[in-house]
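A.B. asks: Just need the structure, nothing else, for what follows:
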Amino acid sequence: MMNGLDRWTLVISLALPCAACDSTEPSGRTGDFDYGDSNTTGGDSAYQGDEIAGDESLGDNHGDGDSVSACSIDNGGCGNPTFVQCNDNGDVTCADINECGVNNGNCGPVAEFICTNNFGAPPTCTVIGNCPAHSFAYGDQCIAEVVDVSTSSGFSCALRVTGEPLCWGRNADGEVSEPPKRSAIAQVSTGGSHSCVLTTSGELTCFGGYSSGEWVDQANAATGTHTQVAGAFGQICALEIGGGIECWGRDAHGQRSGANNAAGAYQQIVVGSALYESNSGHNCALTTLGDIECWGSDSSGQVSGPNASTATYSQISAGDTQTCAIDIDGRLTCWGGMPSVRDDIANDTRAFVHVSAGESYNVCAITTTGRLQCWGFGDSYGQISGPNNSDDIYARVDIHVRETCAVTNVGALHCWGEFWAPTVSGFNNVPGQEVYTQLSAGEMHLCALTTDGRLHCWGYDDYGTVNEANASDAAYQDLSSSGFLRTCGLTTTGSIDCWGWDANEQVTGPNTATGNYIQVRNGGTHTCAIDNTNHIQCWGKDDDNQVAGPNASSSTYRQIAPGYIHTCALTTTNEIECWGSNASGQTAGPNDAADTYSDIASGYHHTCAIGSSAQIDCWGNDNAQQVSDASTFTGTPVQLALGAGHSCALDTAGKVTCWGADDLGQVTNANASTEHFTRIAAGTYTVCGLRADGTLRCWGYFDLDTGDLLVEPTP
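C.D. replies: Numbers count the residues shown, from 1 in each chain. Okay, here's the model as predicted:
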């Protein structure tokens with residue numbers, strides 16, 4: 001809300017399509033959907049998805065029965081196959097891959113970036129020259145300057161100095177899915193389940209909030225000219241050009257009607273959240289004379305307190321049960337909320353120029369010297385301590401419940417706390433010009449692998465699925481963020497690092513394994529890997545033989561595809577084997593058991609594979625036509641990705657096509673894309689694609705475009 005990254009800090013800066021960077025330009029989960037196996041037990045309710053795996057030619061990939069090449073095992077000992085090519089002509093030889101020879105190593109235009117090859121390692125990219133107007137250098141990126149930011153529960157919007165809005169994060173109601181592509185935006189505002197933008201000409205447009213109320217449609221129907229917009233859960237208010245107030249939404253405590261009936265002339269309107277209507281829902285306005293008027297719930301004195309004040313104020317902000325204001329002498333005062341927090345604020349004698357009152361007693365303010373100070377009740381996600389430990393100079397700040405974002409005096413955007421996007425980045429426009437080689441999508445978080453093997457993860461971070469993965473300084477060649485609250489990475493030396501929920505040793509199992517591995521994948525509550533002898537090792541929950549089955553197999557494999565409570569794999573002779581629960585037919589295998597296959601992927605309780613005739617064979621749960629509608633695919637498939645109840649295929653032209661469950665638009669939006677991709681991934685309610693330039697695009701629960709924002713994790 002305008003007036004919201006876990007125990008680590010994300011430094012987020014908006015990357016732009018600019019001349020120097022691109023001269024061409026188990027708690028807190030959202031609604032559970034039923035894709036379940038009727039015989040599933042144990043209460044597990046998460047899904048993994050499918051991941052981008054990079055080069056999957058891990059053995060004889062032709063199904064012709066030839067002996068396995070020496071290069072198929074641990075890349076012939078040459079090292080990471082992404083950067084070193086193994087040649088087996090009787091004797092194994094290792095050759096460096098010239099990454100700089102293709103698309104300048106994905107560094108960017110050759111006129112602006114120097115690409116330097118490194119044997120067995122990613123290329124080095126160096127910026128040439130200065131960054132263009134409205135941007136500044138950030139490593140090897142040119143980063144867009146930001147002037148404002150607004151955070152809410154799991155999503156945020158920022159405003160570039162060029163007047164372009166960028167939104168990212170949770171997208172359950174369309175709150176970040178399609179910000180209006182208009183020029184000259186003067187303000188962005190987020191609130192609960194919606195976002196709004198206000199143009200420099202006073203035109204108000206809001207989006208999202210589709211499942212929460214009608215106030216978005218009411219605000220969009222307004223015909224007046226406005227100078228400011230504010231929102232929180234359940235309500236939107238705007239300031240008219242003549243100083244009047246217009247509000248839409250909830251009115252359980254008279255907060256809307258009170259503001260609408262106010263007769264004064266105002267310079268600012270703020271909205272407190274009405275999520276819990278029993279004790280919250282108030283609005284406040286600052287008059288042109290510097291007085292405060294508030295209406296609505298006064299459960300903690302958040303209305304009567306400011307109304308009784310006789311000071312003259314320059315700025316106000318409203319949380320759910322608190323109101324804060326800065327007077328013309330720079331003194332910060334808060335009413336309502338938690339007494340201990342309020343007392344801490346009262347004891348701070350510094351002068352302030354900007355304040356943001358969030359929910360759950362959180363408050364942040366900026367001093368006259370640009371220092372950021374936050375107070376609150378609880379700091380489990382670093383949303384308070386993160387800003388307080390920053391040495392930067394700030395101009396704007398916005399805090400919600402577990403997220404805080406602030407803009408520095410040079411326009412860089414920093415965020416702390418539990419950030420769901422890309423950001424971490426459902427993200428529309430989140431991580432940015434960073435170049436990625438692999439991507440994995442899970443239920444409520446995403447992870448990607450950079451060209452130099454670093455892990456970037458965004459989203460829900462209970463049990464360290466995000467921040468602990470980001471804190472690792474190891475180099476990785478493969479990753480998996482699927483499964484229930486879990487992230488795993490395969491290091492370039494063949495060991496496995498996993499972070500997250502470990503009730504069944506699905507994390508400690510691979511972490512303590514002593515083998516040398518070439519692929520890792522997460523299932524629902526089990527983890528599987530292929531070692532350098534092409535055998536499978538699985539760890540974790542084994543209630544349906546999904547672990548013991550593959551562990552007992554003597555076959556050799558080149559691809560592993562764990563489902564929720566089943567596991568399927570592709571042998572080195574391109575045949576399919578499955579183990580685990582068959583309650584939905586997910587281990588029955590394809591109808592033509594004699595066929596050979598080139599790719600395999602598992603969803604919640606279904607599996608699909610690409611056959612020798614370029615057909616897609618699917619089997620298992622079909623409650624959303626995620627199996628039967630595979631017959632509607634008309635292209636030539638090269639790769640598959642399966643979510644909870646949806647299935648996707650990438651064709652030879654780089655087009656993604658999906659079918660099945662479309663709860664959050666993950667199918668229709670992916671199918672509507674005209675872009676071309678080199679790889680795809682699917683999470684529980686998400687579809688993602690990797691572009692040829694190494695940037696990402698996602699639809700569904702995570703709506704993300706990495707062409708606009710850069711996310712740099714700093715432990």
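A.B. asks: average pLDDT across stretch 508-527?
C.D. replies: Averaging pLDDT along stretch 508-527 gives 95.
A.B. asks: same check, this time on stretch 683-694
C.D. replies: Mean per-residue pLDDT for stretch 683-694: 89.
A.B. asks: Span of that stretch from start to end?
C.D. replies: 19 Å (Cα to Cα, to the nearest Å).
A.B. asks: now stretch 450-466
C.D. replies: 15 Å.
A.B. asks: Also stretch 159-166?
C.D. replies: Using Cα to Cα, the end-to-end distance of stretch 159-166 comes to 6 Å.
A.B. asks: Mind listing what's buried along that stretch?
C.D. replies: Residues of stretch 159-166 classed as buried: 159-160, 162, 164-166 (neighbour count, 16 or more other Cβ atoms under 10 Å). For the C-beta atoms, the positions are set from N, CA and C on the backbone; glycine is no exception.
A.B. asks: which residues of this protein score low on pLDDT?
C.D. replies: Along the chain, segments meeting pLDDT under 70 span 1-68, 108-113, 126-144, 171, 177-183, 210-213, 418-434, 703-715.
A.B. asks: So which residues of it form helices?
C.D. replies: 215-220, 255-260, 304-308, 339-346, 385-388, 467-471, 508-511, 548-552, 666-672 (DSSP state H).
A.B. asks: Please produce a markdown table containing those helices, extended by distance to D320.
C.D. replies: What follows is those, written out as a markdown table (distance: least, Cβ to Cβ, whole Å):
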| stretch | distance to D320 |
| --- | --- |
| helix 215-220 | 17 |
| helix 255-260 | 12 |
| helix 304-308 | 15 |
| helix 339-346 | 13 |
| helix 385-388 | 20 |
| helix 467-471 | 26 |
| helix 508-511 | 40 |
| helix 548-552 | 50 |
| helix 666-672 | 32 |
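A.B. asks: With respect to A588, which of the ones you listed lies nearest?
C.D. replies: Closest to A588 of the helices of the chain is helix 548-552 (Cβ to Cβ; 14.1 Å).
A.B. asks: What lies in contact with the closest one?
C.D. replies: Residues outside helix 548-552 that contact it (Cβ atoms under 8 Å, 6 or more residues apart in numbering) are 528, 536-538, 542, 560, 567, 569, 577, 579-580.
A.B. asks: change it to 6 Å
C.D. replies: Residues from elsewhere that reach helix 548-552, judged by Cβ atoms under 6 Å, 6 or more residues apart in numbering: 536, 538, 542, 567, 579.
A.B. asks: buried set for it?
C.D. replies: Buried-residue list, helix 548-552, by 16+ other Cβ under 10 Å: 549-551.
A.B. asks: And stretch 554-574, by the same measure?
C.D. replies: 556-574.
A.B. asks: Just the endpoints, please. Distance across that stretch?
C.D. replies: Using Cα to Cα, the two ends of stretch 554-574 sit 15 Å apart.
A.B. asks: Please state the offset of that stretch from the chain centre?
C.D. replies: From the chain centre to the centre of stretch 554-574 is a distance of 29 Å (Cα atoms, centre = their mean, to the nearest Å).
A.B. asks: For N532, see how far away the residue lying farthest from the centre of the chain is.
C.D. replies: In the chain, the residue that sits farthest from the middle, by Cα atoms, centre = their mean, is G90; the gap is 46.3 Å. According to Cβ to Cβ, to the nearest Å, G90 stands 21 Å off from N532.
A.B. asks: Repeat that for G358.
C.D. replies: 50 Å.
A.B. asks: Which of these two has more residues huddled nearby?
C.D. replies: A count of neighbours by other Cβ atoms under 10 Å puts G358 above the other of G358 and N532, at 31 against 16.
A.B. asks: contacting residues for the more buried one?
C.D. replies: Going by Cβ under 6 Å, 6+ apart, G358 touches 319, 399-400.
A.B. asks: What sits closest to G174 if chain neighbours are left out?
C.D. replies: G208 (4.6 Å; Cβ to Cβ, 6 or more residues apart in numbering).
A.B. asks: mind checking how far the nearest residue to G386 once chain neighbours are set aside is from R454?
C.D. replies: Spatial nearest neighbour of G386, chain neighbours left out: W416 (3.0 Å); criterion: Cβ to Cβ, 6+ apart. As defined by Cβ to Cβ, W416 lies at a distance of 20 Å from R454.
A.B. asks: Could I get the full set of strands for the stretch 551-700 of the chain?
C.D. replies: According to DSSP state E, counting those that start in this stretch, the stretch 551-700 of the chain carries its strands in the segments 557-562, 566-571, 576-580, 597-602, 606-611, 616-620, 637-642, 646-651, 656-660, 679-682, 686-690, 696-700.
A.B. asks: quick one: which of those is nearest E246?
C.D. replies: That would be, of these and by Cβ to Cβ, strand 696-700, which comes in at 33.9 Å.
A.B. asks: before we move on, back to that, possible to save the contacts of G358 as CSV with distance to G515 and neighbour count?
C.D. replies: Formatted as CSV, these follow (distance: Cβ to Cβ, whole Å; neighbours: other Cβ atoms under 10 Å):
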residue, distance to G515, neighbour count
G319, 52, 31
I399, 46, 33
H400, 44, 32
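A.B. asks: Counting only strands, which of those make the cut?
C.D. replies: Within the contacts of G358, residues falling in strands by DSSP state E are I399.
A.B. asks: Looking at the contacts of G358, spot the one nearest S201.
C.D. replies: H400 (29.0 Å).
A.B. asks: Near Q218, how many other residues are there?
C.D. replies: Q218 has 15 neighbours, counted by other Cβ under 10 Å.
A.B. asks: ugh, wrong one, I meant V355
C.D. replies: The local packing of V355 (other Cβ under 10 Å) involves 23 other residues.
A.B. asks: Which residues are in contact with it?
C.D. replies: 317, 324, 326, 332, 365.
A.B. asks: I'd say the third one and I316 touch.
C.D. replies: No. Because the distance of 7.9 Å does not satisfy Cβ atoms under 6 Å, I326 is recorded as not touching I316.
A.B. asks: List the buried residues in stretch 396-413.
C.D. replies: 396-408, 411-413.
A.B. asks: what's the answer for stretch 601-612, then?
C.D. replies: Those would be 601-611, for stretch 601-612 by 16+ other Cβ under 10 Å.
A.B. asks: do stretch 146-153 as well
C.D. replies: 146-153.
A.B. asks: With stretch 246-260 instead?
C.D. replies: Buried residues in stretch 246-260 (16+ other Cβ under 10 Å): 246-251, 253-256, 258-260.
A.B. asks: same deal with stretch 661-672?
C.D. replies: So for stretch 661-672, counting by 16+ other Cβ under 10 Å, buried means 661-667, 669-671.
A.B. asks: repeat for stretch 626-642
C.D. replies: Those would be 626-627, 629-630, 633, 637-642, for stretch 626-642 by 16+ other Cβ under 10 Å.
A.B. asks: With adjacent residues omitted, what lies nearest to V92?
C.D. replies: Closest to V92 by Cβ to Cβ, 6+ apart is G76, at 4.4 Å.
A.B. asks: can you pull the contacts of the one you found?
C.D. replies: For G76, the contact set (Cβ under 6 Å, 6+ apart) comprises 70, 86, 92.
A.B. asks: Who does the last one form a beta bridge with?
C.D. replies: Legend: beta-bridge partners of V92 under DSSP bridges are D88.
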